[in-house]
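Q: task: produce atomic coordinates for the following.
(chains A and B)
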Protein chains: 2
Amino acid sequence: MAEKIVEELKPFFEPKAVAIIGATDKKGKVGNVIFENFRMNKERGIFKGKIYPPVNPPKLDEIEGYKVYHDVKELPPDDTDLAVIAIPAKFVPATMRDIAEKGIKAVIIITGGFGELGEEGKRMEQEILEIARANGIRVIGPPNCVGVYVPDTGVDTVFLPEEKMDRPKSGPIAFVSQSGAFAAAMLDWAAGEDVGIGKMVSYGNKIDVDDADLMEYFIHDDEIKVVTFYIEGVKDGRKFMDAARKITKVKPVIALKSGRTEYGAKAASSHTGSLAGADTIYDAVFKQTGIIRAEDFEHMFDLAKAFAALGHKLPKGDRIGIITDGGGAGVMASDAVARFGLKMAELSDETIKFLKENFPPHAVAGNPTDVVGDTDAERYRIAIEAFTKDPNVDAIVIIVLFQVPLLEEEKIIEILADYQKKSDKPIVAVAMGGRKTDRYARMLEERGGVPVYPTPPERGGVRAMAGLVRYAEYLRKVKGGE
Amino acid sequence: MAEKIVEELKPFFEPKAVAIIGATDKKGKVGNVIFENFRMNKERGIFKGKIYPPVNPPKLDEIEGYKVYHDVKELPPDDTDLAVIAIPAKFVPATMRDIAEKGIKAVIIITGGFGELGEEGKRMEQEILEIARANGIRVIGPPNCVGVYVPDTGVDTVFLPEEKMDRPKSGPIAFVSQSGAFAAAMLDWAAGEDVGIGKMVSYGNKIDVDDADLMEYFIHDDEIKVVTFYIEGVKDGRKFMDAARKITKVKPVIALKSGRTEYGAKAASSHTGSLAGADTIYDAVFKQTGIIRAEDFEHMFDLAKAFAALGHKLPKGDRIGIITDGGGAGVMASDAVARFGLKMAELSDETIKFLKENFPPHAVAGNPTDVVGDTDAERYRIAIEAFTKDPNVDAIVIIVLFQVPLLEEEKIIEILADYQKKSDKPIVAVAMGGRKTDRYARMLEERGGVPVYPTPPERGGVRAMAGLVRYAEYLRKVKGGE
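A: Below is the predicted model:
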């Protein structure tokens, strides 16, 4: 089963040859943008496969030096393993038949407009699905689908040109979205935030490939360390739960499920036709299967960032130590520890003694430990040294307001990187500020493996740490019980 | 009373002559940074007053062309109206006596280190306060105080040089903070986000000038449209409530109060010595006095932005209309409407009819109205036209995913600006994405007076709208009852 799904879905992520059906040479048209994405990625040496741009209706013999096949049937035999369809809805079923005949087993249907056709559109979706099932074809979409984005292999079916939407760099996070526009906005946002996305799948109403299939696939995908879902509804609850139980034993899954309230459920039903169902059921399903539920979009990515950096050293318990150079931020973080159901670590007598011996009298040895506004990097190091050694501390939240006058920025980054590496306790940082802070935060993430949460101090970092704690608890429970 | 407080506090915000006590020519030293702030702002033509840099200990006759007075007593008579003290704690009481003798009535004590002195520090604070009271001097700080920042008049006692911390532009938001480091981080953050701050006051433990004084002052400050507070505790509850009741009838006040939980309260008590008190009491006080409580830092600024732009046309009720070009974002916004206790407007039959007549069949006429991914600006205009005319809609949240291919960015910005101007219904926008979206969002805010919330769709914009609705309800209640 597991190997079958990998074999089936692999062409979506690393096709040997992709046929773009509907490509024209008209700039800005959906098919053309997709063709250009692949073409540019091939020029950059990222996309290694072949590209076939068949034209519909047939007018040209060549586009940008690529030979045009005027019909799917004309494509070279036994070669194309992915077809991307971007032609009007009414032509799709016939094209699916040609694809089946040609033996192509993976199809992304970008085409919108099935909804416009009303009942006829639904009938067509059914017909497409029947052709797919009868011929062992896997389908991503339609509708509300922008397809697949894989920066490492150059697959990019997102029909928004780079003038409209930036592409994020690669990274260990997979993002799966039931909403196409939201997926596009998210990729653009991730690019701006410098968040790495290893694979994005926008499957719309998931008439075929669904959450469970993707979870099965991602179990075996070593590039992906954490999987995030935006979903409005799940169709096959049993299949979903089975796949979720399997993957969460191997890597964390985070779900943002909307349609939580009556208003939201109503909106979801007119968007993707999802029957949202009682939200409490989803809560229970997520809890039982070890999926971490995100409260909102930011929470999803706060968590993803934490798991990507710290999935290998989850906290052993829920006792949090806080170190800060700003008292106010320490208060807010302490509130957050309570709010997200964690505990403030009770520092050992040795820790308190060590801090008092090594601190100037106006710094506060405690939890939070306040190294205060005249701190240098060394004072932070003393605190971190004590916290990482203290058996009463399971995980550490470090607040670094880089604005304070005597703090050597490069040095504190080195210190945090060093302890993140040598300590088995997870460390997350909170750094609030402007351009300079952003730069240091990025350095801390890249060099130091320390996820940094920009603002606000009372939420981001502590809330993300709570996710690590809960997932670690789930793993202890299910692995203990195996 | 009101005029008295304006007269008393005005020198903090627009001094005619400022004496910086403790200035040296050593770069990076607190006193020197503050002197440099004033000097640079004078060179830029922003600070119009005189600057006196007395030196302690006295070594120089001139700093950067400014004559040095070696003692407060030597300052030209009847001139200095603001003193900024940045000398070691132990010298402060004697200096206060000189200041009293000289007749200076406004003092900012930046000096830290009172805490280091333990009981002796507390005694000194008491002594300072007694000198102030006996001589009609108003004091901001100490400790945990970075003083005052007013971009319009060039007052800037923040002792972090521009290499460490950016300064925000001016704007209609006042920010008052009990935490000095947090105030600095916030200014830096605001600069990065392009949020305008008209006045910032960091008063530390507020031994003299407190929240109530500042609220009284801001009632009469026409530059300030919304006042935000970060507080850990209130000392004089009665005074606070009286001032709050007065100002909230005139302009909105937003409070972020930390120390909400047992953990937070404990941390607050070691930070500013605030007795946080039961959080439910603060909740009740805020509710009774019309102060809007922010859940977190981001919420505070989301609200401030909404009030700054839309304080003049608050919603007449709580029925929200949502227009979106992304179905998923519409679902999340609908959830948020429920979560923040608002209602989804039930569109009138005329609105639905008008939309259906003017929309292509695949766009969704409803609430949310989904103009869908192939929208142009004109389709948005049709929806906005209908929503602003519909008597069942009190306020409008517009989600614009600028990534969609056919949307003319400049045109949608013009349309939103136009309706924000001519409709009496408040409009907020949600736009999620990367660099391009940020640029358009800024244009929409600056040209269009439409506050834009970047991400996530399920929180920012709708939560801010909820703040407008609640404050409008408070005003109707208290003004109806007058």
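Q: contacts only, for the residue in the stretch 51-200 of chain A that chain B sits nearest to.
A: With C-beta to the nearest C-beta as the measure, A:S179 is the residue of the stretch 51-200 of chain A nearest to chain B, at 2.6 Å. All C-beta spots, glycine's among them, are computed from the backbone N, C-alpha and C. Counting by C-beta atoms under 8 Å, 6 or more residues apart in numbering or on different chains, A:S179 touches A:144, A:202, A:230, A:232, A:271-272, B:326-329, B:331.
Q: out of those, who's the most crowded?
A: B:V331 (38 neighbours; other C-beta atoms under 10 Å in any protein chain shown).
Q: around chain B, which positions in the stretch 101-250 of chain A sit nearby?
A: Neighbours of chain B within the stretch 101-250 of chain A, by C-beta under 8 Å from any C-beta of the partner chain: A:112-113, A:115-116, A:118, A:144, A:159-161, A:164-166, A:177-182, A:184-186, A:188-193, A:230, A:232.
Q: quick one: what helix or strand has the spatially closest residue to A:A184 that is not a sequence neighbour in it?
A: Computed as C-beta to C-beta, 6 or more residues apart in numbering or on different chains, the closest residue to A:A184 that is not its neighbour in sequence is B:Q403, at 4.6 Å. Here B:Q403 sits in a region with no helix or strand, counting by DSSP states H and E.
Q: quick check, B:Q403 in contact with A:M186.
A: No: using C-beta atoms under 8 Å, B:Q403 is not in contact with A:M186; the gap is 9.8 Å.
Q: next one: phi and psi at A:I63?
A: phi -130, psi 120 (degrees, to the nearest 10).
Q: doesn't A:P53 make contact with it?
A: Yes: look at A:I63 against A:P53 with C-beta under 8 Å: they come within range, at 5.2 Å.
Q: okay, now the closest residue to A:D370 other than its chain neighbours: neighbour count?
A: Closest residue in space to A:D370, ignoring its immediate chain neighbours: A:V364 at 3.9 Å, by C-beta to C-beta, 6+ apart. A:V364 has 19 neighbours, counted by other C-beta under 10 Å.
Q: ok, A:V364 - contacts?
A: Neighbouring residues of A:V364 by C-beta under 8 Å, 6+ apart: A:327, A:370, A:372, B:270-271.
Q: for A:L60, same thing?
A: For A:L60, the contact set (C-beta under 8 Å, 6+ apart) comprises A:25, A:68.
Q: can I assume it sits in a strand?
A: No: assessed by DSSP: H, G, I helix; E, B strand; the rest coil, A:L60 does not belong to a strand; its assignment is coil.
Q: what helices or strands is the longest helix seen in chain A leaning on?
A: Assignment by DSSP state H gives helix A:460-480 as the longest helix of chain A. Using 3 or more C-beta pairs under 8 Å, 6 or more residues apart in numbering or on different chains; DSSP states H and E, the elements in contact with helix A:460-480 are helix A:237-248, strand A:292-293, helix A:297-310, helix A:327-339, strand A:395-399, strand A:427-430, strand A:452-453.
Q: out of these, flag the one nearest B:I173.
A: helix A:327-339 (18.4 Å; C-beta to C-beta).
Q: thinking again about what came up before, which of the residues of the stretch 101-250 of chain A next to chain B count as buried?
A: Neighbour-count burial (16 or more other C-beta atoms under 10 Å in any protein chain shown) is assigned, among those, to A:112, A:115-116, A:144, A:159-161, A:164-166, A:177-182, A:184-186, A:188-193, A:230, A:232.
Q: so of the residues you listed, which ones are in helices?
A: Reading helices off these with DSSP H, I get A:180-182, A:184-186, A:188-193.
Q: now render those as TSV, adding pLDDT.
A: Formatted as TSV, those follow (pLDDT from 0 to 100):
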residue	pLDDT
A:G180	89
A:A181	88
A:F182	88
A:A184	93
A:A185	91
A:M186	93
A:D188	95
A:W189	92
A:A190	94
A:A191	95
A:G192	91
A:E193	88
